[in-house]
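Colleague: Model the following, please.
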Amino acid sequence: MTDDFARDWQAWHDRREAALAEPHGWLSLTAFHWLDAEPAALDGLPGRWSSDGTAVTVTAAAADRLVADGAPIDGTAVLPTPVGPAWIDYGGKRLELAPRGGRHAVRVRDPLAPTRTGFTGVPAYDPDPAWSVPARFAAAPERLDVGSVRPGVDQSLGTLGTVRFDLAGEAQELVAADAGDGRLWLLFRDPTNGAETASFRQLTTAAPGPDGTVELDFNRALNMPCAFTDFGTCPLPPGPNRLTVAVTAGERKPVQ
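Modeller: Reported below is the predicted structural model:
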């Protein structure tokens, strides 16, 4: 292993751990509440909450300290989520209004969550250049239903095609989802899952070259958010995305 390779990987790993430890990042999740059409109270939160599938309605008093878009909620507020989550501040907490499959959930993000305050880093295999392997991408866009780690949450992936490569002399193939800007997002399983690593991991690549070539650096395989919290809704890997070779590279199972 070259010194430059090890230094680059360590800098990347340090940035990854710092992002996880942000005050309202994935380690701060403490609750997940489904909303129904009828207004209802939520455990540990003030006000009454409901959703029609396109927007969240919250009724609260100013004394409840719920703040949306910088203004206290005093009465009834309707908060649409056209392209992603909306947010409400509640003291030091942030409440994520998360659209999921035609419904809404409220996820509580608390900087004082034990998963965050007790965080000591993400275990990882030692970096090894041998786990950076060439692959070839073949475009075949489609949309795949994949489900999720959370019952009742359906997920689908906009896939771009497949990548083919060899590991330890064995041919492998993964369906690649769209990571934006032409980059590929790979959700995969391998024989290390369960014992050494989480139930599946993710890898993002650069955009493939004009001839379809792309590098897969498994040293940068990451745990999904659901490896750190019970309140994730991570999509599952597409059915074919199961490698036959144990990938002893990248992040290992988090310490619980």
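Colleague: Can you tell me the strand partners of the top strand by length along the chain and which way each runs?
Modeller: Using DSSP state E to define each element, the chain has its longest strand at strand 132-145. In the sheet, strand 132-145 lines up against strand 156-167 (antiparallel), strand 213-217 (antiparallel) (DSSP bridges).
Colleague: beta partners for Val163?
Modeller: Applying DSSP bridges, one finds that Val163 bridges with Phe137, Leu174.
Colleague: Just to check, it is in contact with Leu186?
Modeller: Yes: Val163 lies in contact with Leu186 (Cβ atoms under 8 Å); the separation is 7.1 Å. Every residue, glycine included, has its C-beta placed from N, CA and C.
Colleague: any common contacting residues for these two?
Modeller: Shared contacts of Val163 and Leu186 (Cβ atoms under 8 Å, 6 or more residues apart in numbering): 174, 176, 205, 216.
Colleague: which among the residues you listed end up buried?
Modeller: With burial judged by 16 or more other Cβ atoms under 10 Å, the buried subset of the shared contacts of Val163 and Leu186 is 174, 176, 205, 216.
Colleague: Redo those as TSV? Include distance to Ile88.
Modeller: As requested, these are exported to TSV (distance: Cβ to Cβ, whole Å):
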residue	distance to Ile88
Leu174	38
Ala176	35
Thr205	36
Leu216	40
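Colleague: Of the residues you listed, which is the nearest to Thr54?
Modeller: The closest of those to Thr54 turns out to be Ala176 (Cβ to Cβ; 31.0 Å).
Colleague: related to what we said a few turns ago, closest to Trp131 among the buried ones among the shared contacts of Val163 and Leu186?
Modeller: Using Cβ to Cβ, these come closest to Trp131 at Leu216, 8.5 Å.
Colleague: The closest one bridge partners, please.
Modeller: In beta-bridge terms (that is, DSSP bridges), Leu216 pairs with Val133.
Colleague: From Tyr90, how far off is it?
Modeller: Leu216 sits 42 Å away from Tyr90, taking Cβ to Cβ, to the nearest Å as the criterion.
Colleague: so what are the domain limits for this structure?
Modeller: Domain assignment for the chain by automatic domain parsing gives 26-117, 122-227.
Colleague: out of those, nearest to Arg242?
Modeller: Going by Cβ to Cβ, the one of the domains of the chain nearest Arg242 is domain 122-227, 4.5 Å.
Colleague: Check the model's average confidence along that closest one for me.
Modeller: Averaged across domain 122-227, the pLDDT comes to 96.
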